[in-house]
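Peer 1: Fold the following.
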Amino acid sequence: MIRTRRIIYAPVLCPVLLMMLAFGQTPEVTVSAFPQVPLIEHRDHQQLLNFDLTVANPSKSTWRLTEIELSVLDAADRLITRRTVNSDGLAPGIAIVASPLLAPGETMDVFNPFYAFSDEVPIHRMQYVFRYLREDNPQEAADNRHRLPMDHDLEITATVIPQEYKTRTNLIVPLAGKVFVWEGHDFYAHHRRVPLHAANVQKLGIHANANRYGADLVIVDDQGRIYHDDPYDKKHYYSYGTPIYAPGAGKIVALANDVPDNEFKDRHITTPELPAGADPNLGNYVLIDHENGEFSIFPHMMPGSVSVKAGQRVRPGEMIGRVGFSGDAIFPHVHYSLLAGPDIYQSEALPAYFTHFRRVLGSKSVQVQEGTVDSGDIVESTAEYQAVR
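Peer 2: Okay, the predicted model is just below:
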């Protein structure tokens, strides 16, 4: 959840806002977290925090972000650590996580730059401070180039209280064999970075990041290659046509099975004409309701390969279809996300902890009783899967 001195946070209005609203004043800038209750994911003795910060400017001024400061506090409200990113120096700094300029009336997504802490850090409260310079004219812009980060015109403080999340479904990796996570949800992954307030994203009707903890999964050979010979032939990808298995028990609640694959032509992707009502992003897919508030989604499946029906119950390791090249995909793979709801445009993703697999580390491997998979991982499941004829 998030609390701040300058924003409305249901069900309580903070005193500063109450005074401002009583006198008809509008706060210059507001800061909020999205999702409102950030979740903590554990991996490699770290606490990983995958959430964004939304900044809105209802004022008539333009503001330049020069510093974001984070203080992490324990349950006794004692400082554990403090981190800062600012505009000082020659490197991009602030520009890595957000456009520095916030125009009048603009709402902007800022990607949380402080995303990993040791498991030893007792995170209770995360206090963010955003510092801005007013920049309404060329003279102010010129003056701002010579001002220090601590010399600010506006300071906004917001408090984020993250929570632990335990995956409720007993999940297994949905592909058998040597599986490579081509892209997961690390700090640089496009799954993680969805600017929900950007015009092109809102035009698609996307109001939550269903890919926040997602992963693109492919089969690789012993050398870690995802294809052989010509990469512009979908059949050369080791993943293409391989079985996809239910990662956990549940009921099939939605699917598509008649969307043609994309094709490569002259080193470009050609998109086929879609059937009426088909989702151009998902292509062929299966959605499983685990009946505990968690849902598994599998886009980009092969046309005609979906082997389950709506309303059917499935067991872990039961085949549900095959890897294809449909929907918004640049090569054959299957995407996997664990969701908090059935609507991919309205539901946030959840951390997915898998069981019964090994992380392959060159000539060695490490057995994992329960853990996440992320960008760059090579894993092999040790779970049982349905025999495929």
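Peer 1: So Glu140 belongs to a helix, correct?
Peer 2: Yes: counting by DSSP: H, G, I helix; E, B strand; the rest coil, Glu140 is located in a helix.
Peer 1: so how many other residues sit close to it?
Peer 2: Counted with other Cβ atoms under 10 Å, the neighbours of Glu140 add up to 16. To be clear about C-beta, it is placed using only N, CA and C from the backbone, and glycine gets the same treatment.
Peer 1: That one contacts Tyr132, correct?
Peer 2: No: under the criterion of Cβ atoms under 8 Å, Glu140 is not in contact with Tyr132, lying 11.8 Å apart.
Peer 1: Quick check: the residue positioned nearest the centre of the chain vs Arg313, distance?
Peer 2: The residue at the geometric middle of the chain, judged as the C-alpha nearest the mean C-alpha position with Cα atoms, centre = their mean, is Arg212 (1.7 Å). Distance, Arg212 to Arg313, by Cβ to Cβ, to the nearest Å: 28 Å.
Peer 1: just Lys203 next, same as before
Peer 2: Distance, Lys203 to Arg313, by Cβ to Cβ: 37 Å.
Peer 1: Which of the two has more residues huddled nearby?
Peer 2: Arg313 (14 against 8).
Peer 1: wouldn't the more buried one be in contact with Lys251 here?
Peer 2: Yes: look at Arg313 against Lys251 with Cβ under 8 Å: they come within range, at 5.3 Å.
Peer 1: where does Phe289 land on pLDDT?
Peer 2: Quick fix: residue 289 reads Asp, not Phe. We have a pLDDT of 98 for Asp289.
Peer 1: Also the one 3 residues further on?
Peer 2: Note on Asn292: pLDDT of 98.
Peer 1: What degree of burial does Asp374 show, as a neighbour count?
Peer 2: Under the neighbour criterion other Cβ under 10 Å, Asp374 is assigned a count of 18.
Peer 1: typed the wrong thing, it's Ala310
Peer 2: 11.
Peer 1: Quickly find the element holding it.
Peer 2: Element membership for Ala310, per DSSP states H and E: none, as it lies in no helix or strand.
Peer 1: So for it, what's the nearest residue that isn't a sequence neighbour?
Peer 2: Distance criterion Cβ to Cβ, 6 or more residues apart in numbering; nearest residue to Ala310, sequence neighbours excluded, is Ile252 at 5.5 Å.
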